[in-house]
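Trainee: can you look at this prediction? I've put the sequence above it.
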Amino acid sequence: MSVTVVSHYVRILVVLCLVGWLPACGARPVTTDQALIQASHPHDPHAFTQGLLISDGTLFESTGQYGHSSVRRVNLETGQIEQITHLPDYYFGEGLALVGARLYQLTWKAGVALVYDRDSLERVGRFNYSGQGWGLTYDGQDLIMSNGSATLKRIDPNDFSVIDTIDVREEDRPVERLNELEYINGEIWANIWFADRIVRIDPASGQVIGSLDARALKASLPAGGSPDVLNGIAWDASTRKLYLTGKYWPRLFEITLVSGDTHAAAQQP
Ligand SMILES: [Ca+2]
């Protein structure tokens, strides 16, 4: 191969890398934003939060642990539980998503997705799935489900069949331990289990396009209790407000992002 031809191919590879068509070239540094607290609200410190979402200004939450799992409707401002359905002791509640008037709740290793009426929280159906169920969200067409690995599944909400998978990578490395999920403005946001960190994922490529350092939130919790890891992202599409909490956290935080290179803990008194 002549030098001219090699040079030609190198130029093509560089162009493909620049437009992101070659995954192996996608090792671009990911910008990490910080969480700036705008407000905080009471949150049940006994709730082992596994799923969180907001619809019409109301918080819906799934909690885990055998014997303590539930799905609940919660007042966003006061943290008061307005309605609750307890799960049988053999279910460990996990991710939660809303599709129309139906709530879908995963049950970790049981392989059962429970379906509830959104208003009454009465069970109206169930589906089976294979493997573990961790986080769940809805993009307006498909459910998106995590299982603790670096691979998300696209799920048909009509029969819970797997439509497709999304391999999540950050700078060419798989991102393991993807947990609670939220679909926000065309992106999938995912808690990383035990990292107090959230990654923002491009659903089409699986590439991490940004991240959020949320360690300042746990540090600002009042003393006492036994707060566990960050796990709960809820986006209120009507007010465009973002809420985060964690397992056994006594507060639910409304936050905004402080972009980029601000590495100091960004929080208001
Ligand atoms: Ca969520």
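Mentor: Cool, the structure landed. Numbers count the residues shown, from 1 in each chain.

Trainee: now stretch 69-83: buried residues?
Mentor: With burial defined by 16 or more other Cβ atoms under 10 Å, the residues of stretch 69-83 counted as buried are Ser69, Ser70, Val71, Arg72, Arg73, Val74, Leu76, Gly79. C-beta coordinates here come from the backbone N, C-alpha and C atoms, glycine included.

Trainee: also stretch 140-159?
Mentor: When burial is assessed from 16+ other Cβ under 10 Å, stretch 140-159 yields the following buried residues: 142-155, 157.

Trainee: give me the contact list for stretch 106-125.
Mentor: 51, 55, 60, 62, 64, 69, 71-73, 83-85, 87, 90-96, 98, 100-105, 126-136, 145, 160 (Cβ atoms under 8 Å, 6 or more residues apart in numbering).

Trainee: avg pLDDT for it?
Mentor: Averaging the model's pLDDT scores along stretch 106-125 yields 98.

Trainee: now do the buried residues in that stretch.
Mentor: Buried residues in stretch 106-125, counting neighbours by 16+ other Cβ under 10 Å, are found at Leu106, Thr107, Trp108, Ala110, Val112, Ala113, Leu114, Val115, Tyr116, Arg118, Leu121.

Trainee: also stretch 42-62?
Mentor: Of the residues in stretch 42-62, those scored as buried under the neighbour-count criterion (16+ other Cβ under 10 Å) are 43-45, 47-55, 59-62.

Trainee: in the residues you listed, find the pair that's most separated.
Mentor: Across the buried residues of stretch 42-62, the longest distance by Cβ to Cβ is 23.7 Å; it joins Pro45 and Ser55.

Trainee: SS state for Pro88?
Mentor: Assigned state for Pro88: coil (three-state reduction, DSSP: H, G, I helix; E, B strand; the rest coil).

Trainee: numbering from 810 from now on, please.
Mentor: Yes, from this point I'll number from 810; that puts the last item at Pro897.

Trainee: now it: how far from the ion?
Mentor: 23 Å (Cβ to the ion, to the nearest Å).

Trainee: count the neighbours of that residue for me.
Mentor: 11 (other Cβ atoms under 10 Å).

Trainee: just the helices in the stretch 810-959 of the chain please.
Mentor: 812-827 (DSSP state H, counting those that start in this stretch).

Trainee: count the neighbours of Val1008 for me.
Mentor: Using other Cβ under 10 Å, Val1008 is surrounded by 22 other residues.

Trainee: also Val971?
Mentor: Here the number of neighbours of Val971 (other Cβ under 10 Å) works out to 13.

Trainee: give the contact list for it.
Mentor: Taking Cβ under 8 Å, 6+ apart as the contact definition, Val971 lies against Lys962, Arg963, Ile964, Asp965.

Trainee: what residue in the stretch 960-1078 of the chain comes nearest to the ion?
Mentor: Relative to the ion, the nearest point of the stretch 960-1078 of the chain is Glu991 (3.9 Å; Cβ to the ion).

Trainee: let me see the contact set for the closest residue in space to Ser1047 that isn't next to it in sequence.
Mentor: Nearest residue to Ser1047 in three dimensions, chain neighbours excluded: Gly866, at 7.0 Å (Cβ to Cβ, 6 or more residues apart in numbering). For Gly866, the contact set (Cβ under 8 Å, 6+ apart) comprises Leu885, Asp1045, Ser1047, Thr1048.

Trainee: please consider this matter closed, and thank you.
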